[in-house]
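*Asks:* next come a sequence and a model predicted from it.
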Amino acid sequence: MKAIAVIPGQAHSVHLADIPKPQLTDIPDGRGVLVKVLRVGVDGTDKEINAAEYGAAPPGEQILVLGHESFGVVEAVGPHVTDLSPGDFVVATVRRSGSSLYDQIGTYDMTTDDQYFERGINLRHGFLTEYYVDDAEYIVKVPPGLKEEGVLLEPASVIEKGIAQAFEIQRRLRVWRPKRAAVLGAGPIGLLATMALRLKGIQVCTFALSKPPYVNSDLVKEIGGCYHSTKDLSLSAAARDHGPYDLIFEATGVASLVFEAMNILGKNGVLVLSGVSGGGRSVEVPGDRINLGFVLGNKVVVGTVNANREYFEMGVKDLAHAQLQWPGWPAKLLTHPIQGLDRYQDMMRTLTDTKGAIKVFVNVAPIPD
């Protein structure tokens, strides 16, 4: 069967590979689920792996199949799978269990192992292929009403994890009722974070570089958020205008913005970091002021990346809620479809060169009615 793959460590090696179709018996104990792939979202991770910045093939293999944002339909299940049936729409989590204590209790996204396993990223093949097989533990059912938006669930799981962690941390306060939030970045993660926070009734200001109006700013306003370009209004000025932020969700990876966010976070506030900073840039910051604010203001910083099935299930609930509250809004994030695995070069060009793309995704097979 066809698959979009790279040769890890070899830059710009993306190609169409021919690999064996997986079998239910590849998974022990009758827990296998055979899934026909329908759509796969792609993002900067796939671009960076193709640039040989990271990524590793499964042991004994020369290639790595790309794609960690899956959506598909169950074709067959093993004899010990009781909660999934052929015809179910599903997504798969990305991280796979290692040996740490956290892996053993199902929180494999919090592993302390030095080596980790991620489908489409590190030591495990991804989903940009026609079929995959996995253990039912890693397969999450998606209701038919979300079959158009289901491919958004992997990025949605990242923001769900970050926001859930913020609320879990704030149990220390006995009561925490955040009223104002800022989201830094208006890409898929930033827009999904804006959505999830608005669903909680929180006032949200989303900040990005581009000046409005454009598609992303319109999407923020459509669900009751406010949008600001950082070219027109700094975070510090916005905090003075809107009052201190109880929660800031960062989705840019820009270190200077991270430290500015630390400086304006309100007392008892939480800063959630989801962006990954690259390179070796140095940033001059008001370190004493930030340190003083965090100590005296009981502030917290927490990171979020990768998620276990609990957060995928939260994403299902929030996407369903959003679809009911703002019909058609989630699907508007799916801006750039690529038709078929054969169009892998178009996929990479779109990821690299297309301005205004929110979510690029590959239509691998037609979605059943």
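*Replies:* Ah, there it is.

*Asks:* output the contacting helices and strands for the longest strand seen in the chain.
*Replies:* Criterion DSSP state E: the longest strand present in the chain is strand 32-42. Applying 3 or more C-beta pairs under 8 Å, 6 or more residues apart in numbering; DSSP states H and E, one finds that strand 32-42 contacts strand 69-77, strand 89-92, strand 131-135, strand 360-363. C-beta coordinates here come from the backbone N, C-alpha and C atoms, glycine included.

*Asks:* got CSV for those strands, with distance to Gly120 too?
*Replies:* Formatted as CSV, the helices and strands packed on strand 32-42 follow (distance: least, C-beta to C-beta, whole Å):
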stretch, distance to Gly120
strand 69-77, 8
strand 89-92, 10
strand 131-135, 10
strand 360-363, 12
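
*Asks:* got a list of contacts for stretch 106-118?
*Replies:* Stretch 106-118 is contacted by residues 68, 94-103, 122-124, 137, 161, 305-311 when judged by C-beta atoms under 8 Å, 6 or more residues apart in numbering.

*Asks:* helix, strand, or coil at Val301?
*Replies:* strand (DSSP: H, G, I helix; E, B strand; the rest coil).

*Asks:* pairing partners for the longest strand of the chain, with directions?
*Replies:* strand 69-77 (antiparallel), strand 131-135 (antiparallel), strand 360-363 (antiparallel) (DSSP bridges).

*Asks:* that older thread, mean neighbour count, the helices and strands packed on strand 32-42: which tops it?
*Replies:* strand 89-92 (a mean of 25; mean count of other C-beta atoms under 10 Å).

*Asks:* ok, back up a step: reformat the strands paired with strand 32-42 as JSON lines; add mean pLDDT.
*Replies:* As requested, the strands paired with strand 32-42 are exported to JSON lines (pLDDT from 0 to 100):
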{"stretch": "strand 69-77", "mean pLDDT": "98"}
{"stretch": "strand 131-135", "mean pLDDT": "98"}
{"stretch": "strand 360-363", "mean pLDDT": "98"}
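
*Asks:* adding distance to Pro143, write these out as TSV.
*Replies:* What follows is the strands paired with strand 32-42, written out as TSV (distance: least, C-beta to C-beta, whole Å):
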stretch	distance to Pro143
strand 69-77	12
strand 131-135	20
strand 360-363	19
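
*Asks:* what helix or strand is Ala166 located in?
*Replies:* Per DSSP states H and E, Ala166 falls inside helix 153-169.

*Asks:* how far off centre is that helix?
*Replies:* 10 Å (C-alpha atoms, centre = their mean, to the nearest Å).

*Asks:* swap in stretch 195-211?
*Replies:* With C-alpha atoms, centre = their mean, you get 17 Å for stretch 195-211.

*Asks:* list the contacts of Asp232.
*Replies:* Lys211.

*Asks:* next one: it from Ser85, what distance?
*Replies:* 52 Å (C-beta to C-beta, to the nearest Å).
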